[in-house]
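Asks: sequence and computational prediction follow.
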Amino acid sequence: MFSDSSDSSDDDIIMLYYYYYHYRKRRNQQKKRRMAAEVSVFELAHNGDFEAVVDRISKDERIVKQPDSNGRILLHWACLSGNVQLVNHLLDLKSPVDLSDDTGTTSLILAASAGKDLIVDILLEKGANVNHQNTQGHSALQYTCSKGWTEIAKKLLESKANINIADIRGATPLHRAASKGNLSVVKLLLEHKDQLKINARDYYGNTALHLACEEDRQDEAKLLVQHGADMHTANKERQTPLDLCTQSLAKTLTSLAVV
């Protein structure tokens, strides 16, 4: 019997597709390896690429502690990525927990600012300095309060973060939370009334209430007044919080004032 030419042709096409698929697959794998080789190890850490970073470290463990042009080491970038496995691996390799970059920023500050709560837990367990401040005087708690990361702020306070820590302009975590309208953070800070300096003034003489009123953060302003914030403190421009808010808010705050 003669073979069916159409069947033979179909088989040939299938084989061509098979070889083409695997050819493309190998090419893509080679391309991926070339691209990974071209990407800096710091970018790989920032992307949370655990396997690629581990591969680089296996070839030269010194890179664990080598800084990039910004003074950041792999741990800084890994913390920003939020990759728990990578952060733990770097810490197991004795990566320094509190090393600062060229702005004085530590891994804990980066993780807190980025809202990476699991990374914050790890760093705190490793003894990270919870009150470290960068060159602008910003701490992990200040960034957290500014960004509205309430749960992280709670963890930092439980780890003895200074609730009244001030940056180079005198702004405290309460200033930052009130001005940004982060009500849940303001409530958290007010729970620590024995330590909180509710009327602390920044470089410009503003209290947290000044800033809340200026930004028309009505809920935050009312809460501050209910907890004893002074409505009559004048800043360097001789303005009180009541001078900075709307008439309706001023009326409301006056009615809420603690006698």
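Replies: Cool, got the structure. Numbers count the residues shown, from 1 in each chain.
Asks: tell me the domain ranges of this structure?
Replies: Domain segmentation of the chain under automatic domain parsing yields 41-129, 139-259.
Asks: any idea which element the residue lying closest to residue 215 once chain neighbours are set aside lies in?
Replies: Distance criterion CB to CB, 6 or more residues apart in numbering; nearest residue to residue 215, sequence neighbours excluded, is residue 179 at 5.5 Å. Using the backbone N, CA and C atoms, a C-beta is placed for each residue, glycine as well. Residue 179 belongs to helix 173-180 when assigned by DSSP states H and E.
Asks: give the buried residues for that helix.
Replies: Within helix 173-180, the residues that count as buried by 16 or more other CB atoms under 10 Å are 173-180.
Asks: over to stretch 215-224?
Replies: Here stretch 215-224 shows 215, 217-218, 220-224 as buried, counting by 16+ other CB under 10 Å.
Asks: what lies in contact with that stretch?
Replies: Here stretch 215-224 makes contact (CB atoms under 8 Å, 6 or more residues apart in numbering) with 177-183, 186-187, 190, 198, 208-209, 211-213, 241, 245-246, 249, 252-253, 256.
Asks: which among those residues count as buried?
Replies: For the contacts of stretch 215-224, a burial check counting by 16+ other CB under 10 Å picks out 177-183, 186, 190, 198, 208-209, 211-213, 241, 245, 249, 253.
Asks: in helices, which of those residues fall?
Replies: 177-180, 183, 186, 190, 208-209, 211-213, 241, 249, 253 (DSSP state H).
Asks: count of neighbours near residue 210?
Replies: Residues contacting residue 210 under the criterion other CB atoms under 10 Å number 31.
Asks: how about the closest residue in space to it that isn't next to it in sequence, what does it touch?
Replies: Nearest residue to residue 210, sequence neighbours excluded (CB to CB, 6+ apart): residue 241, at 5.0 Å. Going by CB under 8 Å, 6+ apart, residue 241 touches 207, 209-210, 212-213, 221, 229, 231, 233, 253.
Asks: what does residue 96 give?
Replies: 65, 73, 75.
Asks: neighbour-wise, give me the winner out of those residues.
Replies: For the contacts of residue 96, neighbours tallied by other CB under 10 Å; top is residue 75, 27 neighbours.
Asks: looking at it, residue 128 is touching residue 110, isn't it?
Replies: No - shown here, residue 128 and residue 110 do not form a contact pair, counting by CB atoms under 8 Å, at 10.9 Å.
Asks: more neighbours: these two, which one.
Replies: Remark: of residue 128 and residue 110, residue 110 carries more neighbours, 24 against 20, as counted by other CB under 10 Å.
Asks: and the gap between the nearest residue to residue 50 once chain neighbours are set aside and residue 76?
Replies: Among residues not flanking residue 50 along the chain, residue 86 sits closest, at 4.8 Å (CB to CB, 6+ apart). Residue 86 sits 12 Å away from residue 76, going by CB to CB, to the nearest Å.
Asks: format the buried residues of stretch 215-224 as CSV; extra columns: distance to residue 144, pLDDT and secondary structure.
Replies: As requested, the buried residues of stretch 215-224 are exported to CSV (distance: CB to CB, whole Å; pLDDT from 0 to 100; DSSP: H, G, I helix; E, B strand; the rest coil):
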residue, distance to residue 144, pLDDT, secondary structure
215, 19, 96, coil
217, 18, 97, coil
218, 23, 96, helix
220, 16, 97, helix
221, 21, 97, helix
222, 23, 96, helix
223, 19, 97, helix
224, 19, 97, helix
